[in-house]
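Trainee: predicted model and sequence below, questions to follow.
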Amino acid sequence: MDLHVSKSPRLVSLDALRGFDMFWIIGGEHLIHALAELTGWPVMVWLSAQMHHTVWNGCTFYDMIFPLFLFISGVSLPYSLSKKIELSSVDYAYQLPKVVKRKILKTNLRRMLILVFLGMVVNGLFKFNAYENTRFASVLGRIGIAWFFAGLIHLHFSLRNQLVWFVVILIGYWLAMTLIPVPGFGAGNLTMEGSLESYTDRLLLPGRLHSKVHDPEGILSTIPAVATGLLGIFTGVFVRSKTFEPQKSVYFMLIAALALIVAGLVWDGFFPINKRLWTSSFVLFVGGWSLAFFAIFYLIIDVTGWKRWTFPFLLIGTNSILIYLAVEGMIGFDHTAQFLFGGLVRLAPDRFEELLKIMSIILVELSALYFLYKNKIFLKV
C-alpha cells in the first residue's frame, strides 16, 4: 500500500460509478433519511426505506452497495492488465507468459492481504481486544479475497472456461446450501442459525462473528462472491474488446442486465435472494443491477461525453479505499464539520439542523478528497 501520483488513463465512468457507490456510505444514506424526515414526501420516504439492509431475505438498494463495489473491482481488472497484454502481443489474459502471470499474481496476492489487514483494522484490530472478541471477517477482506480468486480464474482460463467456473460456483453453492445437512437443523435450512454458511462460520471462522451465530462476510459465502467479481471481469473484457460500437455495446449490456435480474428473480423461488448468505440468486439479481448501473454510466459519460456532473463522484471514486477507511472511524469528519460549521448550523431553524449537519460533514469529506485529487495523491492498494 502506498500513496502515489497516478499517470495511467482511467475509464471515467468506472471511477464515477465507484464514487456514486461509495457516496451512500460516506453520508448519502443519512442525507436521504434527513430529507425524508424533513419533507415527508412519499418518494423520499421510499428512498429512505431503501437505505437500510434487508433483515434477511430480499434486497434493497443499500444491499447492492457492497456487491456493486466488488463488481466494479472486477471490471477494472482487464483494464489494469491491458498494458501487459499489449506488450505481450496476446489477446487474452490467460495467454500471457508464465513469468508475467507470476508477477501479476504476486501483486494481486499482496493486494488481497493488504485489504484483509485493512478490514481487520476497521474492525478494531488495534484495540487489542481478546482473541475471542476480535472479528476477522470484513467487507474489505471479502473484496480482496473474492477479487483475487476471480482474477486467478481470469488469468488461467479461457473466457469459455471462466463462464464454466461462474456457473459451477453458483450451482455448487446452491446445492451445498440446500443438500448438505447441518447438525441440529438438517439440510436446506436457510435461516441465520441453521444455514450451512452460518454453521461453517461457527465451526471454522476464528474470533467473534458479526451476529454471534452468523457472519455476513463469512467463509462459505465468500465463494459465490467470486462469481460477482467474475461478472465484473466479463463486463470489463467485453467493453475493452470494442467488438461493437460503444452505443451498441450499451444495448447488449442492458439486455444482459435484464436477463440476469430475471434469472435472479426466478431462482429466488428456490434459493431466496439474500445478501447475508450471498446466495446464487443474489449474485444474479444484484449482478444484473450492477451491470445496468455501469451501462448507464458508461453511456452517459464515456459514450456521450457528458462528464462535468461526475466530478464529486470522481473525487470519491479515485480514493475510495482511503475515504472508506476514514469514515469507518479513522478520521472524525463530524468533529471537523462541527468545528467549522457548527455555529452556522445552530443559526438555522431546528427542523433543518440534522440536514445541515449531514451536508456539512459531506462538504468536509469532499474538500479533503479535492485536496488529494488536486495534488494527484491516491491510495494505491
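Mentor: Nice, I can see it. Residues are numbered from 1 along each chain as shown.
Trainee: can you show me the strands along the protein?
Mentor: Under the criterion DSSP state E, the chain contains strands at 2-4, 378-380.
Trainee: helices of the stretch 201-350 of the chain, residue ranges please.
Mentor: 222-241, 246-268, 280-297, 311-317, 320-325, 333-347 (DSSP state H, counting those that start in this stretch).
Trainee: what would these look like in a markdown table with distance to Phe185, mean neighbour count and mean pLDDT?
Mentor: C-beta coordinates here come from the backbone N, C-alpha and C atoms, glycine included. Supplementary listing: those in a markdown table, determined by distance: least, C-beta to C-beta, whole Å; neighbours: other C-beta atoms under 10 Å; pLDDT from 0 to 100:
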| stretch | distance to Phe185 | mean neighbour count | mean pLDDT |
| --- | --- | --- | --- |
| helix 222-241 | 20 | 23 | 97 |
| helix 246-268 | 22 | 16 | 97 |
| helix 280-297 | 20 | 24 | 98 |
| helix 311-317 | 42 | 21 | 96 |
| helix 320-325 | 35 | 22 | 94 |
| helix 333-347 | 43 | 14 | 90 |
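Trainee: Phe313 touches Gly19, doesn't it?
Mentor: Yes: applying C-beta atoms under 8 Å, one finds Phe313 in contact with Gly19, separated by 3.2 Å.
Trainee: coming back round to it: which of the helices of the stretch 201-350 of the chain sits closest to Ile25?
Mentor: helix 320-325 (6.7 Å; C-beta to C-beta).
Trainee: ok, now how distant is the most centrally placed residue in the chain from Trp174?
Mentor: The chain has Phe69 as the residue nearest its centroid, 2.1 Å off, counting by C-alpha atoms, centre = their mean. Phe69 sits 24 Å away from Trp174, going by C-beta to C-beta, to the nearest Å.
Trainee: and Leu322, what does it touch?
Mentor: Counting by C-beta atoms under 8 Å, 6 or more residues apart in numbering, Leu322 touches 372, 378-379.
Trainee: out of those residues, which end up buried?
Mentor: 372, 378-379 (16 or more other C-beta atoms under 10 Å).
Trainee: mind putting the residues you listed into JSON lines with pLDDT?
Mentor: Listed next are these as JSON lines, based on pLDDT from 0 to 100:
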{"residue": "Leu372", "pLDDT": "94"}
{"residue": "Phe378", "pLDDT": "89"}
{"residue": "Leu379", "pLDDT": "85"}
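Trainee: what's the closest of the residues you listed to Arg202?
Mentor: Leu379 (34.5 Å).
Trainee: quick check: the spatially closest residue to that closest one that is not a sequence neighbour vs Lys127, distance?
Mentor: Closest residue to Leu379 apart from its sequence neighbours, by C-beta to C-beta, 6 or more residues apart in numbering: Leu322 at 3.9 Å. Distance, Leu322 to Lys127, by C-beta to C-beta: 21 Å.
Trainee: over to Thr318?
Mentor: Taking C-beta to C-beta, one finds Thr318 at 30 Å from Lys127.
Trainee: more neighbours, these two?
Mentor: Thr318 (22 against 9; other C-beta atoms under 10 Å).
Trainee: pretty sure the more buried one sits against Leu14.
Mentor: No: between Thr318 and Leu14 there is no contact, the gap being 10.2 Å when judged by C-beta under 8 Å.
Trainee: count the residues that sit near the residue nearest to Asp91 when sequence neighbours are not counted.
Mentor: Counting by C-beta to C-beta, 6+ apart, Ile85 is the residue found nearest to Asp91 once chain neighbours are left out, at 7.4 Å. As a burial measure, Ile85 scores 17 neighbours (other C-beta under 10 Å).
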